[in-house]
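K.L.:
Structure for the following, please:
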Amino acid sequence: MVDAAECCVKVMCRFRPLNESEITRGDKYIPKFKEDTVVISGKPYIFDRVFPPNTTQEQVYDTCAKQIVKDVLDGYNGTIFAYGQTSSGKTHTMEAKNINKSLSTFSFFLPLPLYSLKCYSSCLHNVGFTQYKAIFKTHVPYRDSKMTRILQDSLGGNCRTTIVICCSPSVYNEAEIKSTLMFGQRAKTIKNTVSVNMELTAEEWKKKYEKEKEKTRNQKITIQRLENELKRWRKGETVPVDEQHNSKEVKNSEAAPIIDTSAPPPEPVSDSEKTQYEELINDLYHQLDDKDDEINQHSQLAENLKQQMVDQDELLASTRRDYEKIQEDLSRLQHENEAAKEEVKEVLQALEELAVNYDQKSHEVEERSKTNQQLTEELMQKTVTLAGVETDLSALQELSGHHKKRSAEILSLLLRDLNEIGSVIALNDHKMNGGMEEEFTMARLFISKMKSEVKSLANRSKQLESTQADTMRKMQANEKELASCQLLSSQVKIKSLTDYMQSMEQKKRQLEESHDSLMEELAKLHAQVLDKEKEHMSRIQDAEEMKKALEQQMESHREAHQKQLSRLRDEIEEKQRILDELKDLLNEKREQAKEDLKGLEETVVSKMTLPGIRSAELDTDESGGSLAQKQKIIFLENNLEQLTKVHKQLVHDNADLRCELPKLEKRLRATAERVKILESALREAKESAMRDRKKYQQEVDRIKEVIRAKNQARMKHTAQIAKPIRAGHHHSVASASPGHSVRGGVPSPRQHHQHQPQHHHRSK
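P.N.:
The predicted model follows:
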């Protein structure tokens, strides 16, 4: 592109005539016109041009569009806007009525969904019904809209822009008219940077660069001068007028044309030489263009190969990620296996604890049976002691009867002795009248004493009889009570023992059955665990083998890919180096060809500018020029042959790479399929492991529930605690027997039969 220049957006204002509805309604005509001004309600609005209602389409075209069309033909971008409310004349301004439209248009419409002027609008004739439905959306994505992208350069970009604002003259639309006019005034402030769309050659770019560089250098010098002048002014110095900066001189110096100091144009050569030179130059340029195309093709091929290498690297990275994921899954399965082993150990420990509890309970049963045997022995001892007490009581009764008889005999003997003594005393009273009185008194005293003793003995015998009667009554009551207590205790004990024996036998059978079932389940679990461990170990071994095989395969693929990638990189670098050399060589050849062309032109110019010596030296110059041209042509042909050979070599290398590419793709597909197979196998292994783990967890939960139920039942039975039987407490036997039935063990049949004869003996 050439140098850009700033220009403002041109804004034209056009008013349409009143339409039928406005005339029928009697609307007032409000605008007042001048050439570039329109007055609405006393307020003027200034634009580049104002078109009254009687303006023709030709006048509008000449004013608005003609210059833009010329600029477009000259290489500039051009845009014409038509802005205004609905039914204000936009479509009429852009298209009119009788125009054969052979230009492709791209229309955008955003009318209001319900509007009274819609019946007069022609925008709906340019879109179909489906597009018309898409018009009335609640939100317009301005940043992503097509209109924004299309008009991006029209407002503030590289474009010559004219905006035609169309208005209605009716007072009914005064608010819309003012809004449209305000938009036009704001649009006049927009500035575009316009430049011609032109493709420059390298020399033109170089000249432009030099020109811009010179312009920048001049601007830097100007800025430096202005800064120095500003510093002097700030210091309080007075700058003379001749030393002050003059912007007009700078503009004139910048606007001054660059003087071309090159040599005058050469004289025209002959047509034959000119055609010959042009054909030769065209052939060389065509060959250079062909080589450029081939080099571009090879560079594209190299880029494709680089892209394939990048794809291979990405695939290798994805394969590596899949391998790492498989390793993580394998480690997770190993951890799950370890957790399953720990759970199996816990279940085995629980079963061992159950067996230990069963052994403890069996030991407790044996201890209770021993305690029961000791209690029966103590009961037998107590019965023996009771029999001894009864014998002692009968002996005491016999002794008391013997004492009674003895006391009666003593009394009878004493009475008889007294009678005899009385008779003797009565007979010998006269004999012993004097001396015997003392003896008689003594006897009397002795008798009184004996009477008192007899009375005391009688009283004692009565007391003994009464105590004997009480003792007999108590003994009979005790015997009855003892018999009843023994009977009740023996009955209760026998009943409790029988119930306890039955319950113990039932519990024993249940425990044996549960023990057998648990042992069977334990054996099954052991077998299942062993099978699972074997299966898991086999799977782990298979996974390890698969892992090793995959690692080996990945390593081999990695090495092959690395080798292949390094080889491809080397080849691409070599090809790139060759391409760079070829480009440099082509550039050198182009420069050489340009220099040769310039030399030929200078030769022709020298031939044409030396008319005095042309006749003398014409043959030598022609022979020398033709020889030099032949040498240059031979040199160019040799270079062309070398380039052709290099091109053939590149084509051959490209064919080899294309042959190797399917092999690499096949290997890559095989690797991907292998990875998919491994992933599916790993997924199946994970699913089977999860199923086995769920089954195993359910089995463990069931065993734990069974053990928990057993423990709860055992705790319910152990809650019935009672006092044990103690020696000397007969009334605690009945209450202690149920307690022993719970806490004690099962008595042996021998002990049970020992209790039964005693019970029958006591009942008799």
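
K.L.:
in what helix or strand does residue 694 lie?
P.N.:
For residue 694, the element it lies in under DSSP states H and E is helix 614-718.

K.L.:
That helix: how far from the chain's middle?
P.N.:
Its chain's C-alpha centre and that of helix 614-718 lie 29 Å apart, by C-alpha atoms, centre = their mean, to the nearest Å.

K.L.:
That helix packs against which elements?
P.N.:
Judged by 3 or more C-beta pairs under 8 Å, 6 or more residues apart in numbering; DSSP states H and E, helix 614-718 is in contact with helix 271-427, helix 436-609, helix 733-743. C-betas here are computed from N, CA, C, even on glycine.

K.L.:
most neighbours per residue, which of these?
P.N.:
helix 733-743 (a mean of 19; mean count of other C-beta atoms under 10 Å).

K.L.:
Now do it, average pLDDT.
P.N.:
In this model, helix 733-743 has an average pLDDT of 39.

K.L.:
Please apply the same query to stretch 183-200.
P.N.:
84.

K.L.:
hang on, the earlier thing: which one of the helices and strands packed on helix 614-718 lies nearest to residue 677?
P.N.:
Residue 677 sits nearest to helix 436-609 of all the helices and strands packed on helix 614-718, at 9.6 Å, using C-beta to C-beta.

K.L.:
name the element residue 92 belongs to?
P.N.:
Going by DSSP H and E, residue 92 is part of helix 90-95.

K.L.:
ditto for residue 11
P.N.:
Element membership for residue 11, per DSSP H and E: strand 10-15.

K.L.:
Please name every helix or strand in contact with the next helix or strand after that strand.
P.N.:
Later in the chain than strand 10-15, the nearest helix or strand by DSSP H and E is helix 20-25. Helices and strands touching helix 20-25, by 3+ C-beta pairs under 8 Å, 6+ apart: there are none.

K.L.:
what about helix 20-25, distance to the chain center?
P.N.:
68 Å.

K.L.:
How confident was the prediction at the most centrally placed residue in the chain?
P.N.:
For the chain, residue 325 is the residue whose C-alpha lies nearest the centre (C-alpha atoms, centre = their mean; 15.6 Å). We have a pLDDT of 82 for residue 325.

K.L.:
That one and residue 403, how far apart?
P.N.:
114 Å (C-beta to C-beta, to the nearest Å).

K.L.:
domain parsing for the chain?
P.N.:
5-194, 200-237 (automatic domain parsing).

K.L.:
Of all the ones you listed, which one is nearest residue 512?
P.N.:
From these, taking C-beta to C-beta, the stretch that ends up closest is domain 5-194, at 82.7 Å.

K.L.:
How many residues are close by residue 9?
P.N.:
22 (other C-beta atoms under 10 Å).

K.L.:
Report pLDDT for it.
P.N.:
With respect to pLDDT, residue 9 scores 89.

K.L.:
likewise residue 477?
P.N.:
So residue 477 comes in at 80 (pLDDT).

K.L.:
in the sheet, who's paired with residue 162?
P.N.:
Beta bridges link residue 162 to residue 10, residue 80 when assigned by DSSP bridges.

K.L.:
which SS class is residue 193?
P.N.:
strand (DSSP: H, G, I helix; E, B strand; the rest coil).

K.L.:
ok, it - contacts?
P.N.:
Residue 193 is in contact with 4-6, 157-158, counting by C-beta atoms under 8 Å, 6 or more residues apart in numbering.

K.L.:
gap between the two ends of stretch 53-64?
P.N.:
End-to-end distance of stretch 53-64 (C-alpha to C-alpha, to the nearest Å): 16 Å.

K.L.:
Name the residues of it that are buried.
P.N.:
55, 60, 63-64 (16 or more other C-beta atoms under 10 Å).

K.L.:
who's in contact with that stretch?
P.N.:
10, 12, 14-17, 49, 51, 80, 93, 96, 162, 164, 169.

K.L.:
right, and the pair among those residues with maximum separation?
P.N.:
Maximum pairwise distance among the contacts of stretch 53-64 (C-beta to C-beta): 24.0 Å, between 10 and 17.

K.L.:
Neighbour count for the two, which is higher?
P.N.:
Using other C-beta under 10 Å, the more surrounded residue of residue 10 and residue 17 is residue 10, with 20 against 13.
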